[in-house]
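[1] Got a sequence here, can you build the structure:
(4 chains)
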Number of protein chains: 2
Amino acid sequence: MTEHRPGPAVPAGGLRERKKQRTRDALLRAALLLFLSQGYDKTTVDEITDVVQVSQRTFFRYFANKEEVAFAVQDLVESHFVAALRARPASEGPLTAMRNAVLVAWDTVDEAISDVVPVDLYMRGYQLIESTPALLAVHLRRSTELEERIARLVADREGLDVDADPRPRVAVAAFSGVMRVTGRLWGQGQDTSVAAIRRMTEAYLDQIGPALAADWR
Amino acid sequence: MTEHRPGPAVPAGGLRERKKQRTRDALLRAALLLFLSQGYDKTTVDEITDVVQVSQRTFFRYFANKEEVAFAVQDLVESHFVAALRARPASEGPLTAMRNAVLVAWDTVDEAISDVVPVDLYMRGYQLIESTPALLAVHLRRSTELEERIARLVADREGLDVDADPRPRVAVAAFSGVMRVTGRLWGQGQDTSVAAIRRMTEAYLDQIGPALAADWR
DNA sequence: AGGCTAGTGACAGCGACTGACACTTCACAA
DNA sequence: TTGTGAAGTGTCAGTCGCTGTCACTAGCCT
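    Numbers count the residues shown, from 1 in each chain, chains lettered A, B, ... in the order given. Below is the predicted model of the structure:
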């Protein structure tokens, strides 16, 4: 009996590891709640660690900086989108595949993250990012990294070399540009539901063709 | 003789104002040179103010934060592009106008900024931004603000309401997305000349059509 | 049982940034 | 020309994000 199947409700790993996970989760949740209730800038790391009863030094052992904790959930959603894109049939063209992937991703975010945080919390977190200059800046930089990943993925789908053919990067750039506008406008709007952002996404993607036409009249 | 025409080499304003301008310029130049020689992160504000012989407090009276000083020249170039876009004949469609505006802008950056800093310095500054995470993040956020300005400008050209018709923002987003890829790849490349980025700009813009086609084969 | 080491807390220190206040210096009017 | 107000600056003290160091505690493994 040196080994046994993992029980249903018991997280993997020894006591050490489980403790670690608990601290990280606690910090994450505490930070998110504080950010949402009083704003990111007005929340100090000390306040977060006070809630969790942990030294400030420990916070920085789990998160490289104060920003990182705000993007933990974002990471999940991004991976979720990438997975959705990967799942698209090879028969779909690049733009169609990306378009369908986002829409499917929005339709299934709930299941994808609900065991970490409720979707509602994620949505409010996203809005916080969009409305906090420091976070928005980091978000955009992270987005360009995601773009590169996607470009490589698209290139693979089409059997191309990203560095030889500019089309993958150009297509992804144009697509992502539109996604960003959508995110921004959604953040400014009233309806903060997933349905709202899904609707806007679709509407704006539909405008790529018309918007890029030579003449708008 | 309570007033006299401004002499040829004498900047406008009283002594007070001229002094102010000199301090600001000195700080700007000192900062840029330090950033370029030893990197942004490794340069402290104290080092900058030591060169100019000014207290740290004074630095922060001229620049809201350490980042701001790195974008002073960038500001000029952006305005230069906006001006170029404004100068495009109404007969050109949105995309054509933007495309021509960037190209013309690159062809004339030299004249536009040379009395503040040599173009070479600007180019190296741009590369610094692209390669410094903290600066890149801010750059991208600033870019979205510029995008909004451009979208309004484009909407005006076409006699549309930005908030009613999504096409201006979508077109600008797609365009800017491609511009960003260009900037990134240029920054990673070897040739740091204006000619190089102009060439890449043109090449990548040419790919928008093909990249957005349904089928790439 | 006892040594090993991962994880933590306490502390000191750096650098970006801010508020308060006193002081210098220019501007402008009497 | 001089005096007065305000603009611009330096000094100082303090906050906050973040890092290095070191000693200590508690799971782990033999």
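
[2] Could I get the contacting residues of A:Leu33?
    For A:Leu33, no contacting residues are found, by CB atoms under 8 Å, 6 or more residues apart in numbering or on different chains. Every C-beta, even on glycine, is put in place using the N, C-alpha and C of the backbone.

[3] For A:Gln21, see how far away it is.
    19 Å (CB to CB, to the nearest Å).

[4] Pretty sure A:Ile208 sits against B:Gly177.
    No. With contacts defined as CB atoms under 8 Å, A:Ile208 does not count as touching B:Gly177, sitting 10.9 Å away.

[5] and A:Glu145, how many residues sit next to it?
    10 (other CB atoms under 10 Å in any protein chain shown).

[6] For chain A, which residue gets nearest to chain B?
    The nearest approach of chain A to chain B comes at A:Gly177, 3.0 Å away (CB to the nearest CB).

[7] Could you find the closest non-adjacent residue to that residue?
    B:Gly177 (3.0 Å; CB to CB, 6 or more residues apart in numbering or on different chains).

[8] If I look at that neighbour, what pLDDT would I see?
    Note on B:Gly177: pLDDT of 94.

[9] C-alpha coordinates for stretch A:192-207, CSV please?
    Output in CSV follows, covering the C-alpha atoms of stretch A:192-207 (Å, rounded to 0.1, in the frame of the first residue of the first chain):
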residue,chain,number,x,y,z
THR,A,192,-21.7,43.1,-18.5
SER,A,193,-23.0,39.7,-19.3
VAL,A,194,-21.3,37.0,-21.3
ALA,A,195,-24.2,37.1,-23.8
ALA,A,196,-23.5,40.8,-24.4
ILE,A,197,-19.8,40.3,-25.3
ARG,A,198,-20.6,37.3,-27.4
ARG,A,199,-23.2,39.4,-29.3
MET,A,200,-20.8,42.3,-29.8
THR,A,201,-18.0,39.9,-30.9
GLU,A,202,-20.2,38.5,-33.6
ALA,A,203,-21.4,41.9,-34.8
TYR,A,204,-18.0,43.4,-35.0
LEU,A,205,-16.4,40.4,-36.7
ASP,A,206,-19.2,40.7,-39.3
GLN,A,207,-17.9,44.2,-40.1
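
[10] Can you give the distance of that stretch from its chain's centre?
    Centroid separation for stretch A:192-207 versus its chain: 16 Å, with CA atoms, centre = their mean, to the nearest Å.

[11] Give me the buried positions along that stretch.
    A:Val194, A:Ile197, A:Arg198, A:Met200, A:Thr201, A:Tyr204, A:Leu205, A:Gln207 (16 or more other CB atoms under 10 Å in any protein chain shown).
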